[in-house]
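Sequence and computational prediction follow.
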Amino acid sequence: MASASYMEDLTCSICLTIFTDPVSLLCGHSFCRECITNSLSIKDQCPQCRTTVPKEEKYLPTNHILKSLADKAKEAEKIKREQGDGTTGVSESLCPEHEEKLKLICETDQQLACVICRDGEKHDGHKFKPIREAATSLRRELEKGMRHLPDDINAIESLANMQREEITKTHVMSQQLMTQISSQFEEMHQFLRQREEEIKNELKEKEREAVEEMTEKLQAMDLALSESRELQVKMTAAMEICDSVKFLQSWTEVNNMLTPECLFRPRANDLQVVRTSLSLGPYESHLQFFVWKEMLQVVKPRAELLSLKRENTDVTVSDDRRSLLCAPKRGQSQSVSAYFNIGQSEDIDRNPLTVCWY
């Protein structure tokens with residue numbers, strides 16, 4: 001059978017199939033008679049080198065050597081196709097719909113196609129490119145993209161490690177605050193223990209929300225890292241394929257219609273480490289003070305009512321039972337008033353004790 005390079009030499013550059021009744025121009029390029037006739041009817045130039053073709057050259061004799069070789073190549077293709085039909089059905093390099101050799105790629109659908117596919121309704125208005133040219137262009141783009149892929153993977157790994165450190169620091173910070181809260185609440189009574197549980201629950205909720213957000217971000221980083229590594233493996237395997245057809249077939253099967261530019265877009269730029277600083281607000285640094293103020297809302301001071309356990313003619317209790325009235329001793333003619341804080345009042349004026357001398 002003819003080798004791949006030999007088959008390319010027997011392919012018409014216009015119809016991209018093996019020569020049918022080949023003819024050669026003076027410039028040395030060969031085409032199918034029908035193909036070059038149609039081409040010269042539009043423009044008097046060689047389709048390949050753009051050399052002007054004289055009018056007297058438009059009647060061209062058949063190139064019998066090329067015709068013989070082309071016929072042999074077609075026979076070889078037929079035998080190859082028949083052998084393929086007897087083993088695996090249709091050869092990989094043949095169009096599964098038309099059983100023609102795949103020589104084009106539809107850039108619109110990112111699918112390999114034959115000449116019949118190009119002219120069919122399914123690809124009407126689509127842009128096509130020869131396989132060799134498309135493979136060369138795609139290889140350049142893949143090589144360019146793969147140069148940046150390791151850096152993107154390293155950047156994602158670095159971000160993921162930083163996120164893990166932030167999660168650990170958050171757990172440690174939470175435990176430290178728990179210890180601080182517990183030690184302070186041990187000095188308080190039942191009300192304080194109840195407030196302790198309330199503040200602990202608040203801290204746990206903040207920790208849960210913070211860790212949940214950071215865990216979601218870490219999962220996104222792990223997913224991006226996994227996908228980038230998988231992409232690197234697939235691209236490495238694809239780059240090892242030397243055959244253009246198989247290379248493009250492999251590419252179109254895995255890239256899901258994505259262009260190399262989109263596929264190799266650095267994903268680390270879309271990721272960001274979430275940092276949090278757990279805080280209890282004013283409770284963190286002045287817990288006892290603020291809880292003590294809260295206790296004032298619960299502990300209500302009660303006024304102490306005065307009474308005398310024994311009769312004393314010099315001292316009497318006022319009608320409102322908040323003042324002591326004292327008779328002045330000899331030589332004292334002025335009255336004296338004093339105020340004492342009774343109970344645990346915030347305002348000393350709320351519970352005054354008045355002592356009067358006469």
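Done, it's in. Numbering: from 1, shown residues only.

Send me stretch 195-203 as CSV with only the CA atoms.
C-alpha atoms of stretch 195-203 as CSV (Å, rounded to 0.1, in the frame of the first residue of the first chain):
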residue,chain,number,x,y,z
ARG,A,195,-24.7,33.7,78.9
GLU,A,196,-21.6,31.6,78.5
GLU,A,197,-23.5,29.1,76.5
GLU,A,198,-25.2,31.8,74.4
ILE,A,199,-21.9,33.4,73.5
LYS,A,200,-20.3,30.0,72.8
ASN,A,201,-23.1,29.2,70.4
GLU,A,202,-22.6,32.5,68.7
LEU,A,203,-18.9,31.8,68.2
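
Mind listing what's buried along that stretch?
Within stretch 195-203, the residues that qualify as buried by neighbour count (16 or more other Cβ atoms under 10 Å) are 195, 196, 199, 200, 203. To be clear about C-beta, it is placed using only N, CA and C from the backbone, and glycine gets the same treatment.

Inside helices: which ones of those?
195, 196, 199, 200, 203 (DSSP state H).

circling back: spatially, which two of the buried residues of stretch 195-203 are the most separated?
Taking Cβ to Cβ as the measure, these span a maximum distance of 12.5 Å, between 195 and 203.

Residue 155 contacts residue 272, doesn't it?
No: using Cβ atoms under 8 Å, residue 155 makes no contact with residue 272, being 11.5 Å away.

which other helices and strands contact the lengthiest helix in the chain?
Assignment by DSSP H gives helix 131-185 as the longest helix of the chain. Identification of packing neighbours for helix 131-185 by 3 or more Cβ pairs under 8 Å, 6 or more residues apart in numbering; DSSP states H and E yields strand 104-106, helix 190-239, helix 244-254, helix 260-263, helix 287-298.

now the angle from the third one to helix 190-239?
Angle, helix 244-254 to helix 190-239, by axes from the mean of the first three to the mean of the last three Cα atoms, to 10 degrees: 160 degrees.

Residues contacting helix 244-254, please?
Helix 244-254 is contacted by residues 92-93, 102, 105, 110-112, 131-132, 134-135, 138-139, 234, 237-238, 241 when judged by Cβ atoms under 8 Å, 6 or more residues apart in numbering.

looking only at pLDDT, what's the mean for stretch 269-288?
Stretch 269-288 shows a mean pLDDT of 74.

Please apply the same query to stretch 297-307.
Throughout stretch 297-307, pLDDT has a mean value of 62.

now the stretch 101-250 of the chain, which segments are flagged as low pLDDT?
184-189 (pLDDT under 70).

Can you give the contact residues for stretch 54-61?
23, 24, 25, 26, 33, 36, 37, 40, 44.

And the contacts of helix 244-254, which of them are buried?
Applying 16+ other Cβ under 10 Å to the contacts of helix 244-254 flags 93, 102, 105, 110, 111, 112, 131, 134, 135, 138, 139, 238 as buried.

per-domain residue ranges of the protein.
Following the assignment in automatic domain parsing, the chain carries domains at 4-131, 132-298, 301-358.

for the second one, the distance to its chain's centre please.
Averaged C-alpha coordinates place domain 132-298 at 10 Å from its chain's average position (Cα atoms, centre = their mean, to the nearest Å).

again with the first one
Relative to the chain's own centre, domain 4-131 is displaced by 45 Å; criterion: Cα atoms, centre = their mean.

Wait, a strand at residue 324?
Yes: remark: residue 324 belongs to a strand, assigned using DSSP: H, G, I helix; E, B strand; the rest coil.

Tell me if I'm right that it and residue 314 touch.
No: counting by Cβ under 8 Å, residue 324 does not reach residue 314; the two are 10.2 Å apart.

one step back: out of the buried ones among the contacts of helix 244-254, who's nearest residue 165?
For the buried ones among the contacts of helix 244-254, the nearest to residue 165 is residue 238 (36.0 Å; Cβ to Cβ).

That closest one against residue 142, yeah?
Yes: in this structure, residue 238 is within contact of residue 142 by Cβ under 8 Å, at 7.2 Å.

Now tabulate the buried ones among the contacts of helix 244-254 in TSV and tack on distance to residue 167.
As requested, the buried ones among the contacts of helix 244-254 are exported to TSV (distance: Cβ to Cβ, whole Å):
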residue	distance to residue 167
93	52
102	51
105	47
110	41
111	45
112	47
131	50
134	46
135	46
138	41
139	42
238	37
